[in-house]
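Q: Make a model of this:
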Amino acid sequence: MSKLVIVESPTKAKTIAKFLGSKYVVKSSFGHIRDLPKTELGIDVEHDFTPRYVIPTDKKKVVTELKKAAKKTDEILFATDGDREGEAIAWHLANIFNIEPKDVKRLVFHEITAEAIQEAVKNPRPLYLHLVDAQQARRILDRLVGYKLSPLLWKKIARGLSAGRVQSVALRLIIEREREIQKFNIEEYWSLDALFNKNDQDFTARLYKVSDKILGKMAITTKDDAEKIFNELAGAKYQIVSLEKKTLKKTAPAPFTTSTLQQEANRRLGFSAKQTMLLAQQLYEGINIGHETVGLITYMRTDSVNLAEKFISEAREFIGKNYGAEFLPKIAKRFTTKSKLAQEAHEAIRPTAAVRDPESLKDKLDPRQGRLYDLIWKRALACQMTDAKMEATAADIANEDKKYIFRATGNSIVFAGFLKIYSDVQKENLLPSLTEGEKIKLSKLEPTQHFTEPPARYNDASLIKILEEYGIGRPSTYAPTISTLIARRYVEREERKRLQPTEIAFLVNDLLVQHFPQIVDYQFTAKMEGDLDNVAEGQESWIKVIKDFYGPFDENLQKKYAELNKKDLTEEKTDEVCEKCGSPMIIKIGRFGKFLACSKYPDCKNTKNLNKQGVVEEQAPIDEKCELCGAPLQRRHGRFGEFLSCSKYPECKYIKKQVKLTGVKCPQCLEGDIIEKRTRKGKPFFACSRYPDCKFALWNRPTGDKCPDCQSLMVWTGQDKTACSNKECKAVKS
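A: Below you'll find the model as predicted:
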């Protein structure tokens, strides 16, 4: 008796096929094989929001092949992922085979190993229709918002825009942070830093108290105030007046969930959420490690921090054997998920085998896969290790009359515990051996000027963290949400990989906040996620959830179509006069930002560029001619910034290529310059100007410095950090 096993990924199919015998045929559906039609809404809003599913053109061949395979086998087993999306794919597949939901046999596993697959085959489960309903409800809700609201944006602002149930809330967070930055009032403050010395060891201390009053951050606001204290302390002698030592325990963090993996991979490795999920998918679906092809990590879309007992036992055995009994707690650590929303999978993200350490796979994985696996393995093993013990020291150092007290702080690792393999970003700061009452030598006293800084823009990690805190979106939505915001040009990654909103984003966000407040309301969106979870648990009807949302939404939408005027939203009067026809000039906004245009358009097509402050950019005359037709060249602005093109566009479509220098010489050929380029999809990268003679390239902008360890170029990564561009180099990020 032969059996057909259907999964959603061809890589997954290849891996699973090696664990099953000759009686099993494993095929891939290549994701969803049915979906709502692209060219229409595809939802009957008059009849309980019944969806109309179609087989996309690019999936018809796949469906035909699956049906052929099914005819040659006696039974079909559906082995798609165990979350809502996977359940829905199985339901759609069952539909094309005319299999009743009650007769569907599901193979569910959370790691792709021989043991897990064989266990799933022995114990198939039925189709969980509540999970299917929850996925359908999310898909229908997102379609209703996207297909109903986006056309309004096209009509009232500009074509090519979009709105989304989670996307628009994420954009609101980014916009509100940007406005905080814009409104931030920079203030000056000063600190007084002392450099003390004992036994030829320098250590620093900062002025902490004046006349027994603890100084706040903004206590010294002017240079005069700082110099007054500095002058009072001229020639002073110092002694230790207080010495306090505390032993602190530091507990290992829980194993990774989807969101914490995305955050840590962004923070430590500089990976985007999309890149992290792509690499995690590869590690999950199967890697050829020489003697076998096997999934190296468990399922990567999960809210759970639970670990299988088998893995805990394996991890404890590995830790005891390789690090010693002192690194092994007497009782195994178990983690429970506090959130009731942990429905995506039953386990945290962990290696499928504790003994498969990163070093043993070094030659089997590409550098990026290796770095992510290293992070997952270390986090999973560390959570089963003993606490780290830190000694924190605080020394108060006073002048003779004890009016001014400086505080020096230090920390040292007494026992590494889990830090042995999962090191913290904090470094030890050691103080010399000090004794209360002893005199101490001052080497230097220096007032230092500071300025308050605005909050940082969101990066992938911080945006995912805040979305999770609000209960907005789910593990599978974070990476696509960020990718959509970038693809729609609502946000751009600035040089340090933070998310910066574009001008059009402000307009779209303000329209939604003012006229569709529920769509971008944090609590409402979180409640909607909760309602979808209730559907998944069988506690609520998916039709009711959508009906409760759609009625008020559609009524408001029709009202706004009548009320909103495109000119009021996208045009602004100015005192400028068109030098070509004498008509008033107006500020307009398009997909690429604001510009000045003649009010007599299309009769007069005169336009002028505006800078980010809304001021007309006076362009110096361009003394260059078009190479194709001889007409003067003109400066223009597009999706990738300023460029030069023929003034006779669209009759002549000549564009002059411009080079964006980074100021860094190519380290490979030593002749070319590193310049900024873009891929066909618009992603920036940095390469030698002598291409194709020299093919040196980087994804990150070089800083101009060289790595002290290997002399490779240093590059900017996320969160104002730099790193060595050589992936094999162990140089610490700064």
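
Q: quick one: secondary structure of the closest residue in space to residue 269 that isn't next to it in sequence?
A: Nearest residue to residue 269, sequence neighbours excluded (CB to CB, 6 or more residues apart in numbering): residue 371, at 5.4 Å. For glycine as for every other residue, the C-beta is placed from the backbone atoms N, C-alpha and C. At residue 371 the chain is in helix, as set by DSSP: H, G, I helix; E, B strand; the rest coil.

Q: quick one: low-confidence parts of the stretch 251-400 of the chain?
A: Per-residue confidence for the stretch 251-400 of the chain (pLDDT under 70) gives these ranges: 338-345.

Q: Give me the most central residue, the chain.
A: residue 460 (2.4 Å; CA atoms, centre = their mean).

Q: got the phi/psi numbers for it?
A: Torsion angles at residue 460 (phi, psi; degrees, to the nearest 10) stand at phi -60, psi -50.

Q: What are the neighbouring residues in contact with it?
A: 262, 263, 266, 272, 273, 482, 497, 499, 718 (CB atoms under 8 Å, 6 or more residues apart in numbering).

Q: Distance of the first one relative to residue 388?
A: Plainly put, residue 262 is 25 Å away from residue 388 if you go by CB to CB, to the nearest Å.

Q: What segments of the stretch 451-600 of the chain are helices?
A: Listed in chain order, the helices of the stretch 451-600 of the chain (DSSP state H, counting those that start in this stretch) span 460-470, 478-487, 503-515, 522-536, 542-563, 566-570.

Q: related to what we said a few turns ago, closest one to residue 615 out of the contacts of residue 460, please.
A: Nearest to residue 615 among the contacts of residue 460: residue 499, at 25.3 Å, using CB to CB.

Q: count of neighbours near that closest one?
A: Residue 499 has 24 neighbours, counted by other CB atoms under 10 Å.

Q: residues in contact with it?
A: 174, 457, 458, 459, 460, 463, 482, 485, 486, 491, 492, 493.

Q: try residue 185
A: Residue 185 neighbours (CB under 8 Å, 6+ apart): residue 452.

Q: Number the residues from 12 up from this point.
A: Will do, 12 is the new start, and the previous item becomes residue 196.

Q: quick one: secondary structure of it?
A: Residue 196 ends up coil, using three-state DSSP.

Q: Same check on the one 5 residues further on?
A: Classification of residue 201 into helix, strand or coil gives strand, according to three-state DSSP.

Q: doesn't residue 461 make contact with it?
A: Yes - assessed by CB atoms under 8 Å, residue 201 is found in contact with residue 461 at 6.8 Å.

Q: which of the two has more neighbours?
A: residue 201 (22 against 13).

Q: Okay, that one and residue 418: tell me how far apart.
A: Counting by CB to CB, the gap from residue 201 to residue 418 is 16 Å.

Q: do the same with residue 409
A: 10 Å.

Q: now do residue 257
A: 14 Å.

Q: now swap in residue 285 and tell me
A: 44 Å.

Q: Report how many residues lie close to the residue nearest to residue 280.
A: Neighbours around residue 382, by other CB under 10 Å: 18.

Q: Which helix or which strand is home to residue 644?
A: strand 644-649 (DSSP states H and E).

Q: could you redo the contacts of residue 510 as TSV and give each row pLDDT and distance to residue 240?
A: Output for these, formatted as TSV (pLDDT from 0 to 100; distance: CB to CB, whole Å):
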residue	pLDDT	distance to residue 240
185	97	42
468	95	36
469	95	39
470	94	38
471	94	43
474	95	42
493	94	47
496	93	48
497	91	49
502	94	45
503	92	45
504	89	44
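
Q: When you filter those down to buried only, what's left?
A: 185, 468, 469, 470, 471, 474, 493, 496, 497, 502, 503, 504 (16 or more other CB atoms under 10 Å).

Q: Please identify the one among those that lies nearest to residue 107.
A: residue 493 (32.9 Å).

Q: any idea how far residue 291 is from the closest residue in space to the closest one that isn't next to it in sequence?
A: Nearest residue to residue 493, sequence neighbours excluded (CB to CB, 6+ apart): residue 284, at 5.4 Å. For residue 284, the distance to residue 291 equals 11 Å [CB to CB].

Q: swap in residue 571?
A: For residue 571, the distance to residue 291 (CB to CB) stands at 41 Å.

Q: neighbour count winner among these two?
A: Taking other CB under 10 Å, residue 571 and residue 291 do not tie; residue 291 has more neighbours (27 against 15).

Q: Let me see the backbone angles for the more buried one.
A: phi -60, psi -40.

Q: Also residue 124?
A: Dihedral angles (degrees, to the nearest 10) for residue 124: phi -130, psi 160.

Q: Now do the contacts for residue 202.
A: 217, 218, 231, 237, 458, 459, 461.

Q: Tell me how far the nearest residue to the second one once chain neighbours are set aside lies from residue 419.
A: The shortest distance from residue 218 to any residue that is not its chain neighbour, by CB to CB, 6+ apart, is 4.0 Å, and that residue is residue 203. Using CB to CB, one gets 13 Å for the distance from residue 203 to residue 419.

Q: that older thread, comparing residue 409 and residue 418, which shows the higher neighbour count?
A: residue 409 (20 against 17).

Q: That one reaches residue 416, doesn't it?
A: Yes - using CB under 8 Å, residue 409 is in contact with residue 416, at 4.7 Å.

Q: Residues that sit against both of the two, list them.
A: residue 252.

Q: All the strands of the stretch 362-511 of the chain, in order from the start?
A: Ranges of strands within the stretch 362-511 of the chain are 399-409, 415-426, 450-462, 502-504, 510-512, based on DSSP state E, counting those that start in this stretch.

Q: Contacts made by the longest one with the rest, please.
A: Under the contact criterion CB under 8 Å, 6+ apart, strand 450-462 has outside partners 197-209, 213, 234, 237-238, 240-241, 244, 247-251, 408, 445.

Q: go on, the first one?
A: If you take CB under 8 Å, 6+ apart as the criterion, strand 399-409 is touched by 205, 207, 216, 219-220, 249-261, 415-430, 442, 445, 451.

Q: Could you tell me which of the residues you listed count as buried?
A: 205, 207, 216, 219-220, 249-251, 254, 415-422, 424, 426-430, 442, 445, 451.
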